[in-house]
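**Q** Next comes the sequence, and after it the predicted model I'd like to discuss.
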Amino acid sequence: MKILLVEDDKTIASGLEYSLQQDRFSTVLCHDIATAKIVLDEDIDQFVLCLFDLSLPDGSGYDLCKIVKARRDIPVIFLTAIDDEVNVVMGLDMGADDYITKPFRIRELLSRIRSVLRRYQKPSQTKTIVDIGDVRIHTLEGKVHKKGAEIQLTALEYRLLLIFSNHIGQVLSRSQLLEQIWDVAGDFVNDNTLTVYIKRLREKLEDDPGHPTLIKTVRGLGYKVGD
């Protein structure tokens, strides 16, 4: 997924670009409106979301927001040092989807990005039963069975399993798992806690937790479920 990032502060821009790429987003970085317009003219359809600094050397992020929203219905998030209700309302009235004030925590920004992207996803028919090997998830009932026997999971264990079931065959980094758990549960989950929950899931779902086949560790990348 590609994000258009327009930020004139090169230090902030570099940090944001690195963090986004670490979270598996690809980015196109511009430092002014003129360059961003050229990129949008060339191929606006390549982007799933835009991050616009509000104060740019040759204009305002509002101008870019107008251009984007006139051409495509893709999300726009403003980055700004101005914590002012008038500016917030103006940006939202213009069609912006969110507004975050500097300085901000990168995890908060990533959470907002994912929240906005979820709102833009086209509704699809949710599977009521998901099979992963000999494990079956009944999503309507919130129950999990292994070889026909019900497995008792905590709320966070169940949420973690659902995240895996929605990305079967994909490698999910620890940061991606932490972000999605924290975003939905509303509670901060640290790296050590994630390790514990992965271990518990393996103990409950694997035939041999010491040699897992369901939840696999991909060395240096993260975790993968199924193929």
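**A** Ah, there it is.

**Q** mind listing what the closest residue to S60 other than its chain neighbours touches?
**A** Spatial nearest neighbour of S60, chain neighbours left out: L54 (6.2 Å); criterion: Cβ to Cβ, 6 or more residues apart in numbering. To be clear about C-beta, it is placed using only N, CA and C from the backbone, and glycine gets the same treatment. Contact analysis of L54 by Cβ atoms under 8 Å, 6 or more residues apart in numbering lists 60-62, 78-82, 87, 91.

**Q** which residues in the protein form strands?
**A** Taking DSSP state E as the test, the strands found in the chain are 2-6, 26-30, 47-53, 55-56, 59-60, 76-80, 98-101, 129-132, 135-138, 143-146, 149-151, 171-172, 215-218, 222-225.

**Q** which other helices and strands contact the fifth one?
**A** The elements that strand 59-60 packs onto, with contact taken as 3 or more Cβ pairs under 8 Å, 6 or more residues apart in numbering; DSSP states H and E, do not include any helix or strand.

**Q** I'd like the numbering to begin with 44 instead of 1 from here.
**A** Got it, first residue is 44 now, which makes that one strand 102-103.

**Q** Other residues contacting that strand?
**A** Outside strand 102-103, the residues that touch it by Cβ under 8 Å, 6+ apart are 76, 97.

**Q** Show me what it pairs with in its sheet, parallel or antiparallel.
**A** The strands that strand 102-103 pairs with in its sheet are strand 98-99 (antiparallel) (by DSSP bridges).

**Q** Domains of the chain: list them as residue ranges, please.
**A** 45-163, 196-268 (automatic domain parsing).

**Q** Could you export those domains as TSV, including distance to T171?
**A** Converted to TSV, these look like this (distance: least, Cβ to Cβ, whole Å):
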stretch	distance to T171
domain 45-163	20
domain 196-268	12
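
**Q** As JSON lines, those domains with mean pLDDT and distance to H181 would be great.
**A** Shown next, in JSON lines, are those (pLDDT from 0 to 100; distance: least, Cβ to Cβ, whole Å):
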{"stretch": "domain 45-163", "mean pLDDT": "87", "distance to H181": "23"}
{"stretch": "domain 196-268", "mean pLDDT": "82", "distance to H181": "11"}
